[in-house]
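Colleague: Just the structure for this:
(chains A and B)
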2 protein chains.
Amino acid sequence: MTEHTVRAFTEELEALGADLNRMGGYSEQALSDAITAMARRDAGLARTVIDGDKKIDELQREIERKIMRLLALRQPLGRDLRQTVAALKLAGDLERIGDLAKNIAKRALTIQEFDPIALTRSVERMGKIAVTQLKQILDTFASHEVAGAVSVWMQDEELDEHYNSLFRELLTYMMEDPRMIGPGAHLLFVAKNLERIGDHCTNMAEVIYYLETGEDIGTDRPKAVDPAMPPLPPPNSESSK
Amino acid sequence: MTEHTVRAFTEELEALGADLNRMGGYSEQALSDAITAMARRDAGLARTVIDGDKKIDELQREIERKIMRLLALRQPLGRDLRQTVAALKLAGDLERIGDLAKNIAKRALTIQEFDPIALTRSVERMGKIAVTQLKQILDTFASHEVAGAVSVWMQDEELDEHYNSLFRELLTYMMEDPRMIGPGAHLLFVAKNLERIGDHCTNMAEVIYYLETGEDIGTDRPKAVDPAMPPLPPPNSESSK
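Modeller: The predicted model follows:
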């Protein structure tokens, strides 16, 4: 390889990293705005999130085109190869996070005329934790500090526990007042979306750890609770009469 | 490249394809069994699906290791490169389908003592459509017949429509009888999982189309309904008294 080729290659890898940082910024903004839109019944902001998802999808397609070109023309090895394949995976996670944020924004529009705000408060709290985790893993990617990846990887349980307690809380409200069933169902899905965003942050932590170290971060984390299966609250016998 | 190298390379690509076919077979079986477990209240079968997911995850890791090795040692180009990157993506989709099937099996266990079977009937019908789509896209991958990819890609709407009508149906039951709220919520998530499996089949169709033709299948399909946002049924005023 000539010096010129090496420099061009380094520049291409850096451009790829910059695209991913940009995509991460968009996804984080979308998530944060979707949660605000839901909490404040802000239909305009919800529509901004929904329309903005196209930009995230387009950026993913552009990143993938660059990756295919890099693999074909530069035939990277070692850390460069790990970085190229990591970019493909990270772009996939960020695209899904954008989709999930868009879905939250759509549900914010659907439930906007729904009065009791107490229910969305708990969902908003969970949303803020998800934003923090996403921000943390994006910072880790930008700074190459692998400790951040381990930290995010270990934190996933926090969102799982929130999800379980929200599941029970929302079901209890739905049992007490059948008018809550429609909006409650949408909020169950919002909570599930936030839990999934936590999973994507965990995936990204695994990818970044492997990129930086060449090793797997581990296999099974200890899980206190199964996020898929929170126990059902007892049926409320009063309201079932 | 010597003839020996070319032959070894072709064999590695074929082995990768065989691994993917095996992974596809496991995922299809898991999905089909999860739906049967739910429909027949078969706890043993549900547990088989839950335990079997490890096998799918392990196969994904093995496929990824092979892909990294192929990229590093063989530096594939053209169709070979597309095939290698496609394998990475397809393994990702199949792993998620396995997860979603496992989640359905867990929910089958949670709702197994729940009497009215009418609700699960509709979910079972939707499940069978999802199995058919998955089978079709796996056949397309194995046969390289790109028409199958286009067909699956165009069919996604069918599952979206099922999901919307199931969403309304389940919410109506939940409003009529609050004892249905707990199991109904789990069935809402089962329906959502099946809709997501449809999305993964669509993704796979896009990947296979690109692999076989080097072109994008297209961008936006016309969508009759928004799967994220089925309209809420009117609150049942009788049961809310």
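Colleague: Show me what the helix ranked longest in chain A is packed against.
Modeller: The longest helix of chain A (DSSP state H) is helix A:3-39. Secondary-structure packing of helix A:3-39 (3 or more C-beta pairs under 8 Å, 6 or more residues apart in numbering or on different chains; DSSP states H and E): helix A:43-74, helix A:78-110, helix A:118-143. Bear in mind the C-beta positions are built from the backbone N, C-alpha and C, glycine included.
Colleague: Chain B is nearest to which of those?
Modeller: Nearest of the helices and strands packed on helix A:3-39 to chain B, taken as C-beta to the nearest C-beta: helix A:78-110 at 4.8 Å.
Colleague: Which strands and helices lie in contact with that closest one?
Modeller: helix A:3-39, helix A:43-74, helix A:118-143, helix A:181-213, helix B:43-74, helix B:78-110.
Colleague: Out of those, flag the one nearest residue A:107.
Modeller: Nearest to residue A:107 among the helices and strands packed on helix A:78-110 is helix A:181-213; the distance by C-beta to C-beta comes to 4.4 Å.
Colleague: Say whether chain B is contacted by that closest one.
Modeller: Yes: if you take C-beta under 8 Å from any C-beta of the partner chain as the test, helix A:181-213 does meet chain B, through A:181-183, A:185-186, A:188-189, A:192.
Colleague: Which residue lies nearest the spatial centre of chain A?
Modeller: Closest to where the C-alpha atoms of chain A average out (C-alpha atoms, centre = their mean) is residue A:197, at 3.0 Å.
Colleague: How about it, nearest residue that isn't a chain neighbour?
Modeller: Computed as C-beta to C-beta, 6 or more residues apart in numbering or on different chains, the closest residue to residue A:197 that is not its neighbour in sequence is residue A:130, at 4.8 Å.
Colleague: Does the one you found touch residue A:32 like I think?
Modeller: No: the pair formed by residue A:130 and residue A:32 falls short of the contact definition of C-beta atoms under 8 Å, at 9.4 Å.
Colleague: which one of the two has more residues nearby?
Modeller: Shown here are residue A:130 and residue A:32; by other C-beta atoms under 10 Å in any protein chain shown, residue A:130 has more neighbours (27 against 18).
Colleague: Run a quick neighbour tally on residue A:58.
Modeller: Residues contacting residue A:58 under the criterion other C-beta under 10 Å number 12.
Colleague: Quick one, grab the pLDDT at it.
Modeller: Per-residue confidence at residue A:58 stands at 97 (pLDDT).
Colleague: Kindly provide the distance from it to residue A:207.
Modeller: 22 Å (C-beta to C-beta, to the nearest Å).
Colleague: pLDDT averaged over the longest helix of chain A - what is it?
Modeller: Helix A:3-39 comes out with an average pLDDT of 93.
Colleague: Tell me what angle that helix forms with helix A:78-110.
Modeller: 20 degrees (axes from the mean of the first three to the mean of the last three C-alpha atoms, to 10 degrees).
Colleague: Next, the angle from helix A:3-39 to helix A:118-143.
Modeller: For helix A:3-39 against helix A:118-143, the angle by the same axes, to 10 degrees is 170 degrees.
Colleague: how about the residue nearest to residue A:146 when sequence neighbours are not counted, what does it touch?
Modeller: Distance criterion C-beta to C-beta, 6+ apart; nearest residue to residue A:146, sequence neighbours excluded, is residue A:212 at 4.5 Å. If you count contacts by C-beta atoms under 8 Å, 6 or more residues apart in numbering or on different chains, residue A:212 has them with A:144, A:146, A:149.
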